[in-house]
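> What would the 3D arrangement of this be:
(one chain, ligands or ions: 1)
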Amino acid sequence: MNTYDYIIIGAGAAGLQLAEALGKDPFFKQKSILLLDKDAKQTNDRTWCFWEKGQGDFDEILFKEWKSIFFAGKKLNEEYHIAPYTYKMIKGVDFYARYLKKISGYKNLNFLQEEVISVEEKEHFQVVKTTNNTYSASKVFNSIYDFKEPLKQQKYPVLQQHFIGWFVKTDKSVFNENTATFMDFSIPQKGNTRFMYVLPFSSTEGLVEYTLFSKSLLEKREYEEAIKTYLSDNLGVENYQITETEKGSIPMTSYNFAQKNTDNMLYIGTAGGWSKASTGYTFMNTTKKVKKLVLHLKANEPLNKFYKKDKFWFYDLLLLDVISKNNAKGGSIFESLFKKRKPQLIFKFLDEETSYFEDFKFISTPSPLPFIKALLGRIWNGF
Ligand SMILES: Cc1cc2nc3c(=O)[nH]c(=O)nc-3n(C[C@H](O)[C@H](O)[C@H](O)COP(=O)(O)OP(=O)(O)OC[C@H]3O[C@@H](n4cnc5c(N)ncnc54)[C@H](O)[C@@H]3O)c2cc1C
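Predicted coordinates:
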């Protein structure tokens, strides 16, 4: 009864997308699949945004989309039309409801709310213990992220994209609901890479998020003070209601999360290094990785052969070397990119879809000296 072909640990962005992809594919019809999460996934614990060309898999649960974005730096205040891309937002709670409903229709898939306390590798199977039960499976996909893991090493810097966001309702029109503020670096940098991220839902409703790319988290009140100041000084609003809040901390590192994978155990999602190291964007990357993983499973390849380093890993590594050494540099790097390059090229690069010629156009844009130093440092100390 407690033996499965596959166990997926965590019904978040990665676990649910993987469960749904396996459940709907007739190839896996004979495979018994167990999905475990300690949480019932009934609350709105986050919002996800991503850019996409045309229609996509999540359109049925879109909360809002924008056809233009705004970027501000020290000397730049610009709105960009991003066609053929659209910047899209979905709410966590809508995603969980939709995907849990989809997977409840697959007979070979079982979702249980149980907390996993250990995963043990035996010779030909994996043992997953929860607070209530013990299960075994041929393959395990694990999305439990241990933030201490990358900090055990020194070779690759570990930054975090950390933020607190307030969903606010204002007493007057302050937002331009057609344009999402992708990054506003006009705020004090205080020696770090700090920006405001604003998602407007109507002229009086929006999410205002204070975000940093840096090593350490701040005290809660520091994020909140910054949001209050931005609302009053930049948006000119004093009277508002906070209807919801969100917070997060996403790892930004080129550390090789895949080194813990084995033939039959694969870390997925953030735990598997699926968060883009230079930006923290994870959601769409997860969608792409899940599609590749399904092909990998069909080819019956060992799970530890799934991960491959590529040129984008290397570009992210250099950027992180630069901004971890001089944490205030991020704002000027992004500003020069938005000043000189089209957002479409920026999105394409961040989607890891650019050619070598486009890479060159992109990476030669910011001032090259810090990157040359970082490259020499890597040649000296190893990649
Ligand atoms: C507030 C917030 C906003 C974000 N916004 C964006 C965005 O706009 N765009 C973007 O691309 N990325 C965004 N991210 C980053 C990333 O997309 C998310 O963190 C994403 O949810 C990562 O997916 P995951 O499956 O790896 O982890 P999760 O979605 O966190 O899923 C992990 C699951 O494992 C479960 N779990 C943990 N421990 C156990 C255990 N011991 N036993 C059983 N279950 C367990 C958890 O309950 C959870 O459901 C955001 C992150 C946060 C926190």
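> Look up how far residue 180 lies from residue 49.
8 Å (CB to CB, to the nearest Å). Every residue, glycine included, has its C-beta placed from N, CA and C.
> Which stretches in the stretch 51-200 of the chain count as strands?
Using DSSP state E, counting those that start in this stretch, the strands found in the stretch 51-200 of the chain span residues 62-66, 68-72, 77-81, 85-91, 109-113, 116-121, 126-130, 134-142, 158-170, 179-184, 193-202.
> Spatially nearest residue to the residue of the stretch 1-150 of the chain at minimum distance from the ligand (excluding sequence neighbours)?
The nearest approach of the stretch 1-150 of the chain to the ligand comes at residue 12, 1.9 Å away (CB to the nearest ligand atom). Nearest non-adjacent residue to residue 12, counting by CB to CB, 6 or more residues apart in numbering: residue 143, 5.9 Å away.
> Show the contacting residues for the one you found.
8-10, 12, 14-15, 267-272 (CB atoms under 8 Å, 6 or more residues apart in numbering).
> Using TSV, lay out those residues together with secondary structure and neighbour count.
Putting the contacts of residue 143 into TSV (DSSP: H, G, I helix; E, B strand; the rest coil; neighbours: other CB atoms under 10 Å) gives the following:
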residue	secondary structure	neighbour count
8	strand	28
9	strand	23
10	coil	26
12	coil	25
14	helix	29
15	helix	26
267	strand	27
268	coil	31
269	helix	28
270	helix	22
271	helix	24
272	helix	23
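> coming back round to it: pLDDT score assigned to the residue nearest to residue 12?
We have a pLDDT of 98 for residue 143.
> Just want the residue of the stretch 201-350 of the chain that's nearest the ligand.
residue 269 (2.1 Å).
> In contact with that residue, which residues?
Taking CB under 8 Å, 6+ apart, we find residue 269 in contact with 10, 12-15, 143, 145, 282, 286.
> how long is stretch 246-266 from one end to the other?
Start-to-end span of stretch 246-266 (CA to CA, to the nearest Å) is 29 Å.
> residues of that stretch that come out buried?
Neighbour-count burial for stretch 246-266, counted by 16 or more other CB atoms under 10 Å, picks out 246, 248, 250-258, 260-261, 264-266.
> of all these, which two lie farthest apart?
246 and 264 (35.1 Å; CB to CB).
> of residue 49 and residue 180, who's got more company?
Between residue 49 and residue 180, counting by other CB atoms under 10 Å, residue 180 is the more crowded of the two (26 against 20).
> Quick check: the more buried one vs residue 331, distance?
With CB to CB as the criterion, residue 180 and residue 331 are 18 Å apart.
> So for the chain, the centremost residue is which one?
residue 282 (2.4 Å; CA atoms, centre = their mean).
> Once you drop chain neighbours, what's closest to that residue?
The nearest residue in space to residue 282 (CB to CB, 6+ apart) is residue 275, at 4.2 Å.
> and residue 6, which of the three is it?
Counting by DSSP: H, G, I helix; E, B strand; the rest coil, the backbone at residue 6 sits in strand.
> from the buried residues of stretch 246-266, which ones fall inside strands?
Among those, DSSP state E puts 246, 248, 250-253, 265-266 in strands.
> and which of these is nearest to residue 217?
Distances from residue 217 to those, taken by CB to CB, are shortest for residue 248, at 10.5 Å.
> Which strand residues bridge the closest one?
residue 163 (DSSP bridges).
> wait, isn't residue 61 in contact with residue 92?
No - the pair residue 61 / residue 92 is not scored as a contact, 10.3 Å apart, by CB atoms under 8 Å.
> burial measure for residue 181, as a count.
Residue 181: 23 neighbours (other CB under 10 Å).
> and it, bridged to which residues?
residue 70, residue 198.
> My guess is it contacts residue 206. True?
No - Residue 181 is beyond contact range of residue 206, at 9.1 Å (criterion: CB under 8 Å).
> Could you name every residue contacting both of the two?
Contacts common to residue 181 and residue 206, judged by CB under 8 Å, 6+ apart, are 198-200.
> Below-threshold pLDDT in this structure: ranges please.
For the chain, residues meeting the criterion pLDDT under 70 lie at 1.
> At the contact with the ligand, which residues of it appear?
Residues of the chain lying close to the ligand (CB under 6 Å from any ligand atom) are 9-15, 36-39, 46, 48-50, 115-116, 143-144, 246, 248, 250, 269-271, 281-283.
> still on that earlier bit, does the residue nearest to residue 282 fall in a helix, a strand, or a coil region?
Assignment for residue 275 (three-state DSSP): coil.
> Need phi/psi at it.
phi -80, psi 130 (degrees, to the nearest 10).
> Can you tell me how far it is from residue 161?
8 Å.
> Need the overlap of contacts for the two.
250, 252.
> what sits up against stretch 216-225?
160, 162-164, 166, 210, 212, 247, 249.
> Thank you, goodbye.
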